[in-house]
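Student: The following comprises the amino acid sequence and a computationally predicted model.
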There are 2 protein chains.
Amino acid sequence: MKPVSIRDIARQLNLSITTVSRALDGYPDVSNRTRLRILETASELGYVPNQAARQLRRHKTDVLGFVLASAQPKFADPFYTEFLSGLTDEATAYGMDLRISIASPDTDAEKNIYKRWSRSHEVDGIVLSHIRVHDWRVRFLQDEALPFVGFDKSEDGIDYPRCESNTHASMLQIVSHLAQNGYRRISFIGGPENYVSHQTNLEGFIHGLEQINFPLDPAYLVNGDFSSSSGYALTNKLLELDPAPDAIVCISDETAFGALHALHEKKIIPGKDIAVTGFGGAQESKHSIPPLTTMDVPIYDITRQIVRILMSVIQKEENIEHCIQVNPQLIIRETTMKEISP
Amino acid sequence: MKPVSIRDIARQLNLSITTVSRALDGYPDVSNRTRLRILETASELGYVPNQAARQLRRHKTDVLGFVLASAQPKFADPFYTEFLSGLTDEATAYGMDLRISIASPDTDAEKNIYKRWSRSHEVDGIVLSHIRVHDWRVRFLQDEALPFVGFDKSEDGIDYPRCESNTHASMLQIVSHLAQNGYRRISFIGGPENYVSHQTNLEGFIHGLEQINFPLDPAYLVNGDFSSSSGYALTNKLLELDPAPDAIVCISDETAFGALHALHEKKIIPGKDIAVTGFGGAQESKHSIPPLTTMDVPIYDITRQIVRILMSVIQKEENIEHCIQVNPQLIIRETTMKEISP
DNA sequence: TATCTCAACCAAAACGTTTTGGAGATCATT
DNA sequence: AATGATCTCCAAAACGTTTTGGTTGAGATA
């Protein structure tokens, strides 16, 4: 089963490969009659263009790249499923494929992937998520002049195309929602400190407390790693404090699930005795027990925006919308309802 | 920033490009002295081989492909994160990258992706998951002679390289565990009927009941779609039966989470009043409330095996281990403990 | 001295496209 | 009858590698 090439079509129709190529690419300088004949025999022979040859000539790959950052092997973060699903969907709509790899953040392995993809032209553009505080990746990609789009801005004020969710405003909203519902001693479980998302969450949280004149107790600020296990452990730690908090704001839904587990073990009723909020997806939190109050970050929409921006950068369009803001939505469920016992 | 090519190195050292190429590829017919000089200037100039050119010549891409099957857009299945993470990890270890796309099962779109990847040589091999009952993909890939490895066997008895988890035995184990713990009216929430995994789960379930001489009530067999929403809805449906089941065996953890949610709403205590079991991951189920009894399917290990088999097929090794069996492990938690009230 | 062997190198073809810079007809315009 | 214009088509170069089938010269062997 030798693959058919443009040459086979040309030979069969007694045409030059130039004409066949141009016909397939839709150039106007080939008559309709020949174009039709070419298209017909092309599909008849089951012709599919050889990507490698194409890439070599056109200096384009029709591939977007994304490197998952995982600290441990064998990690599973529901965030990534939705993120990848959105990326892939929208990329497919543009006729692009997605190439992914995986590496621990800030390792040589990670650096090598970016270097290889860039230098050997394996991707036309790159998507960055989980931006870090001083992120070498944005500097690197800018130096290489490889198109990229980030999810979230970087801290050092470097400007680049990106899509941001309005984390600051979201945290204000969460804190004021908790205050309104009678919770007074609000604590915060964050993520690793070198993530921008942690920083903006934390700032929003602190700012939220200031707005309503609540005191800030440094002991109420603890850092995990987004995982449910860290949520579990840190909740147990927070509960040992005196006075213990009566509300736990978590940086992710996963963290919140761990928190709920810890409370369940201690027979503390979420909502009634202590409030818990998540941050991120609406999907899984709907069926947690009790259902979790959370900020619904529309990851799927965000990724589609990201791909759109990236494509416009790649295609060197004018007037690129540089920075798109997306607003999460507060979903109030049982874990922040004092009145209704679950 | 014009990328440096093999030619630049050759020019700089007054050598032919042949010699440079062969030196870099480690052929023995180049003297050590020249090889060293070549390697040095290569790294000095920051040379990275152009993949497209390489592929074109060698008819290899160093890329593995995987097509996610999603019925709706915007889906999020924790299974895929672990699956992808394993694939990517192991692929990276072999110096391969992963290319992914997404399509609804059995659509033209899906077919086109497989056709394009195969015919235009965009991947060296393909990983198949969620095998369907009469899966056109295995026939197609066999016809195309494109290396592939499946997760789970197909029903029609076609033999191909694969990694299976021992689903049948697992279901026997679950059913007998439930019986031993005093549950009598055991029901089953399955998945879509055209999935092989649904079929083997169901067979195992029925066989399990037979082994312990429990009657099989057809009303106790319902089909969902692996999602928590369907678990939620179908649990409500099962609870309306008279007599209602006192155990719900779910085909996936997600389904089980939905079931737990439904029970929680009706103030039915999982474990005490009714048993619930999941199937799949150990990760998320650890922090469900109450913690879920489930079969731990080692997805991560499975994917690594899959990549290993796939690579040996691609490299046309002799004595390929055709079919690898992996045994899930029963993790007993609160949802099947009658004695301890949660 | 003539022949053989071996190490070290190389020119040119090939992989399957796209692109450049025309060529050859046909037809209308002067 | 010559000049343009327009419409189709094409030969050849290029993209950056790998691979094939050598050549060259030095030393060993006959």
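Tutor: Structure received.

Student: Counting neighbours, what do you get for the residue nearest to A:Glu203 when sequence neighbours are not counted?
Tutor: For A:Glu203, the nearest residue in space outside its immediate sequence neighbours is A:His168; the separation is 6.4 Å by C-beta to C-beta, 6 or more residues apart in numbering or on different chains. Using the backbone N, CA and C atoms, a C-beta is placed for each residue, glycine as well. Neighbouring residues of A:His168 were enumerated by other C-beta atoms under 10 Å in any protein chain shown; the total is 16.

Student: Surely A:His168 is in contact with A:Gln199?
Tutor: No. Between A:His168 and A:Gln199 there is no contact, the gap being 10.3 Å when judged by C-beta atoms under 8 Å.

Student: For these two, list the residues in contact with both.
Tutor: Residues touching both A:His168 and A:Gln199 by C-beta atoms under 8 Å, 6 or more residues apart in numbering or on different chains: none at all.

Student: quick revisit: phi first, then psi, for the residue nearest to A:Glu203.
Tutor: Backbone torsions for A:His168, taken as degrees, to the nearest 10, come to phi -60, psi -50.

Student: which parts of the stretch 51-200 of chain A sit against DNA strand D?
Tutor: Counting by C-beta under 7 Å from any atom of the strand, the positions of the stretch 51-200 of chain A adjacent to DNA strand D are A:Ala53, A:Leu56, A:Arg57.

Student: just checking, A:Lys237 touches A:Val222?
Tutor: Yes. A:Lys237 lies in contact with A:Val222 (C-beta under 8 Å); the separation is 6.5 Å.

Student: For these two, indicate the residue with more neighbours.
Tutor: Neighbours were tallied for A:Lys237 and for A:Val222 using other C-beta under 10 Å; the higher tally belongs to A:Val222 (17 against 13).

Student: Can you tell me which of the residues of the stretch 51-200 of chain A next to DNA strand D are buried?
Tutor: Buried residues within those, counting neighbours by 16 or more other C-beta atoms under 10 Å in any protein chain shown: A:Ala53, A:Leu56.

Student: Output the residues of the stretch 51-200 of chain A next to DNA strand D as TSV; include the columns secondary structure, distance to DNA strand C and pLDDT.
Tutor: TSV is the format used below for these (DSSP: H, G, I helix; E, B strand; the rest coil; distance: C-beta to the nearest atom of the strand, whole Å; pLDDT from 0 to 100):
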residue	secondary structure	distance to DNA strand C	pLDDT
A:Ala53	helix	3	95
A:Leu56	helix	4	95
A:Arg57	helix	4	95
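
Student: Contact partners for the residue in the stretch 201-342 of chain A that DNA strand D sits nearest to?
Tutor: Of the stretch 201-342 of chain A, the residue with the smallest distance to DNA strand D, taken as C-beta to the nearest atom of the strand, is A:Ile314 at 18.7 Å. By C-beta under 8 Å, 6+ apart, the contact list for A:Ile314 reads A:Asp124, A:Gly125, A:Pro147.

Student: Quick check: the first one vs B:Trp117, distance?
Tutor: For A:Asp124, the distance to B:Trp117 under the criterion C-beta to C-beta, to the nearest Å works out to 18 Å.
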